[in-house]
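Undergrad: this one's sequence-less:
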């Protein structure tokens with residue numbers, strides 16, 4: 001059955017086997033609709049996002065300042081605060097322990113410039129080096145095909161290697177100047193930096209262990225040093241997931257959502273400083289502005305009912321940002337197979353969730369709906385969605401979150417609309433390629449059928 005489902009998925013996407021022609025999404029975060037926007041023209045013509053930025057609610061000058069910004073993780077008292085959760089878990093102390101953000105260490109945005117002395121300082125500040133010293137740091141080359149950033153692997157030789165990593169991964173700004181400007185003009189780098197420095201320690205999801213993080217928006221510099229997940233294999237949007245793999249993803253969704261479910265301090269985490277009303281107005285404006293370009297580009301390739309539901313969403317889409325009434329939590333907002341690392345070696349973690357450039361405050365079920373529709377054909381999704389949704393709800397209940405079946409199902413319907421939103425925005429703003437268009441047609445079909453099946457737009461009227 002699972003093999004048949006995979007074959008069906010590959011045919012549905014018509015983009016080949018695992019690893020071939022993978023198209024990364026532009027990484028648009030939900031905070032796209034965070035800051036008040038006077039007009040769409042202001043958004044489009046402000047490439048660096050200094051005044052307002054619909055790629056992210058964070059305003060760079062206000063949050064990070066124009067100068068070099070990196071934290072020294074030895075200064076725990078200055079960068080930790082009590083965290084009062086609303087679910088039955090004990091309150092925990094949020095700190096940045098374990099990640100190096102040394103103020104005295106220059107930011108290396110070019111991986112080829114990283115050497116042993118620099119890596120020693122980065123890993124020693126995080127505590128992972130202990131008393132050992134790196135005697136040789138070798139740049140082994142780039143890994144993956146990310147559009148908003150590039151990943152590189154480094155091999156490490158130690159004078160005392162016991163218990164120390166043999167390799168680490170680095171994440172850096174894109175080598176492409178346009179993509180780099182987009183990453184800093186939006187908040188892709190800011191958001192990921194913020195996740196590892198302020199949010200990761202407050203949730204239980206299995207994300208990559210981050211040893212060093214540094215950011216300078218003004219000079220367009222960004223660097224993360226993280227654990228190497230070479231014992232894992234990346235999921236593939238075009239192949240989809242088996243039911244067992246989807247269950248692993250549901251487990252991680254619960255570990256992400258439960259710890260801060262309904263937490264009133266979420267805005268203090270920097271995930272989104274805007275109001276719901278601001279997001280609603282911005283979403284309505286942006287969706288309406290970009291919809292004609294989407295229709296012009298892909299409309300002729302879509303099933304008539306899919307095109308119609310996308311167009312029908314425009315008059316009411318702004319109200320989606322006001323929420324369903326369910327408490328918000330930390331949401332990934334790009335929770336799909338390409339951002340999952342599955343174990344391929346016995347000692348690797350079963351699933352690691354990567355790419356935290358879109359994390360924000362939101363409805364947890366947005367991630368679940370995006371996961372389910374983005375991992376299966378519409379036919380297979382109809383067969384498994386109730387099982388996966390109930391699995392999510394039961395596991396949330398076990399984590400201390402009261403979530404009844406009717407509310408959970410309604411939120412699944414409500415959350416399904418995010419797929420339409422991201423498809424219209426991503427299609428209209430991504431560089432046009434044949435394979436990219438194929439991906440967006442697939443996304444529109446997946447999420448359009450999900451919205452139609454559950455009459456989700458009726459929740460906005």
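TA: Alright, I've got the coordinates. What you see is a predicted model; the values in this text were computed from it and never measured. Numbers count the residues shown, from 1 in each chain.

Undergrad: tell me how this structure divides into domains.
TA: Annotated domains of the chain cover 2-56+232-460, 60-227 [automatic domain parsing].

Undergrad: which of the ones you listed has the lowest mean pLDDT?
TA: When these are compared on mean pLDDT, domain 60-227 scores lowest, with a mean of 75.

Undergrad: distance from the chain centre to it, please.
TA: Relative to the mean C-alpha coordinate of its chain, domain 60-227 is positioned 16 Å out (Cα atoms, centre = their mean, to the nearest Å).

Undergrad: phi first, then psi, for residue 360.
TA: In this entry, residue 360 is assigned phi and psi values of phi -160, psi 170 (degrees, to the nearest 10).

Undergrad: mind checking how far it is from residue 107?
TA: Distance, residue 360 to residue 107, by Cβ to Cβ, to the nearest Å: 25 Å. The C-beta positions use only the backbone N, C-alpha and C, and glycine is treated the same way.

Undergrad: burial count for residue 182?
TA: Residues within reach of residue 182, counting by other Cβ atoms under 10 Å, total 21.

Undergrad: which strand or helix spans it?
TA: Assigned by DSSP states H and E, residue 182 belongs to helix 177-185.

Undergrad: name the residues of that helix that come out as buried.
TA: 179-185 (16 or more other Cβ atoms under 10 Å).

Undergrad: ditto for stretch 254-265
TA: With burial defined by 16+ other Cβ under 10 Å, the residues of stretch 254-265 counted as buried are 254-261, 263.

Undergrad: what's the closest non-adjacent residue to the residue in the chain sticking out farthest from the centre?
TA: Relative to the mean C-alpha coordinate of the chain, counting by Cα atoms, centre = their mean, the farthest residue is residue 159 (37.0 Å). What sits nearest to residue 159 in space, not counting adjacent residues and going by Cβ to Cβ, 6 or more residues apart in numbering, is residue 133, at 5.0 Å.

Undergrad: isn't the one you found up against residue 158?
TA: Yes: using Cβ atoms under 8 Å as the test, residue 133 is close enough to residue 158 to be in contact (6.9 Å).

Undergrad: quick one, strands of the stretch 101-250 of the chain?
TA: 134-143, 149-158, 167-173, 210-216, 221-227, 232-234 (DSSP state E, counting those that start in this stretch).

Undergrad: neighbour count: residue 360 and residue 107, which is higher?
TA: Taking residue 360 and residue 107 together and counting by other Cβ under 10 Å, residue 360 has the greater number of neighbours (29 against 18).

Undergrad: hmm, that one is touching residue 333, no?
TA: Yes: with contacts counted by Cβ under 8 Å, residue 360 reaches residue 333, the gap being 5.8 Å.

Undergrad: returning to what we had before: which of the buried residues of helix 177-185 lies closest to residue 236?
TA: residue 179 (21.7 Å; Cβ to Cβ).

Undergrad: show me what contacts the residue nearest to residue 170 when sequence neighbours are not counted?
TA: Taking Cβ to Cβ, 6+ apart, and ignoring the residues beside it in sequence, residue 170 has residue 152 as its nearest neighbour in space, at 4.8 Å. Contact analysis of residue 152 by Cβ atoms under 8 Å, 6 or more residues apart in numbering lists 111, 139-143, 169-170, 172.

Undergrad: those residues, buried ones only, as a PyMOL selection?
TA: For the buried members of the contacts of residue 152, the matching PyMOL selection, counting by 16+ other Cβ under 10 Å, is:
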select buried, resi 111+139+143+169+170+172
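
Undergrad: between all of the contacts of residue 152, which two are separated the most?
TA: 140 and 172 (14.1 Å).

Undergrad: any idea whether residue 319 is helix, strand or coil?
TA: Using DSSP: H, G, I helix; E, B strand; the rest coil as the criterion, the local structure at residue 319 reads helix.

Undergrad: quick one: it from residue 275, how far?
TA: For residue 319, the distance to residue 275 - Cβ to Cβ - is 14 Å.

Undergrad: now for the residue farthest from the centre of the chain: which residues touch it?
TA: 132-133, 135.

Undergrad: tell me the most packed of the residues you listed, by neighbour count.
TA: Ranked by neighbour count (other Cβ under 10 Å), those have residue 132 at the top, with 18 neighbours.

Undergrad: look up phi and psi at the closest residue to it other than its chain neighbours.
TA: When the adjacent residues along the chain are set aside, residue 132 lies closest to residue 160, with 4.1 Å between them (Cβ to Cβ, 6+ apart). Dihedral angles of residue 160 (phi, psi; degrees, to the nearest 10) stand at phi -140, psi 90.

Undergrad: surely residue 160 is in contact with residue 134?
TA: No: taking Cβ under 8 Å as the contact criterion, residue 160 and residue 134 are not neighbours in contact, 10.3 Å apart.

Undergrad: so between the two, which is more surrounded?
TA: The residue with the greater number of neighbours, taking residue 160 and residue 134 and applying other Cβ under 10 Å, is residue 134; the counts read 23 against 12.

Undergrad: okay, and the beta partners of that one?
TA: residue 158 (DSSP bridges).

Undergrad: and residue 223, by the same measure?
TA: In this entry, residue 223 is beta-bridged to residue 214, by DSSP bridges.

Undergrad: now the strands: where do they sit in the stretch 351-461 of the chain?
TA: Assigned strands in the stretch 351-461 of the chain, in chain order: 351-353, 360-362 (criterion: DSSP E, counting those that start in this stretch).

Undergrad: now distance to residue 372 too, for the ones you listed, in JSON lines please.
TA: Output for the strands of the stretch 351-461 of the chain, formatted as JSON lines (distance: least, Cβ to Cβ, whole Å):
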{"stretch": "strand 351-353", "distance to residue 372": "16"}
{"stretch": "strand 360-362", "distance to residue 372": "16"}
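
Undergrad: to residue 326, which of these lies closest?
TA: Ranking the strands of the stretch 351-461 of the chain by proximity to residue 326 (Cβ to Cβ) places strand 360-362 first, at 10.4 Å.

Undergrad: that closest one pairs with which strands?
TA: Strand 360-362 has the following strand partners under DSSP bridges: strand 329-331 (antiparallel).

Undergrad: give me the contact list for the partner strand.
TA: Strand 329-331 is touched from outside by 30, 199, 202-203, 256-263, 266, 269, 271, 359-364, 366-367, with contacts defined as Cβ under 8 Å, 6+ apart.

Undergrad: what do you get for stretch 301-321?
TA: Outside stretch 301-321, the residues that touch it by Cβ under 8 Å, 6+ apart are 33, 276, 279-284, 287-288, 291, 294-295, 299, 414, 417-418, 420-421, 423-424, 437, 441, 444-445, 448-449, 451-452, 457, 460-461.

Undergrad: kindly recompute the last result at 7 Å.
TA: The contact list for stretch 301-321 (Cβ atoms under 7 Å, 6 or more residues apart in numbering) reads 33, 276, 279-281, 283-284, 287-288, 291, 299, 417, 420-421, 424, 441, 444-445, 448, 451-452, 457, 460-461.

Undergrad: can you tell me which of the residues you listed are buried?
TA: Members of the contacts of stretch 301-321 that pass the buried threshold by neighbour count (16+ other Cβ under 10 Å) are listed as 33, 279-281, 283-284, 287-288, 291, 299, 417, 420-421, 424, 441, 444-445, 448, 451-452, 457, 460.
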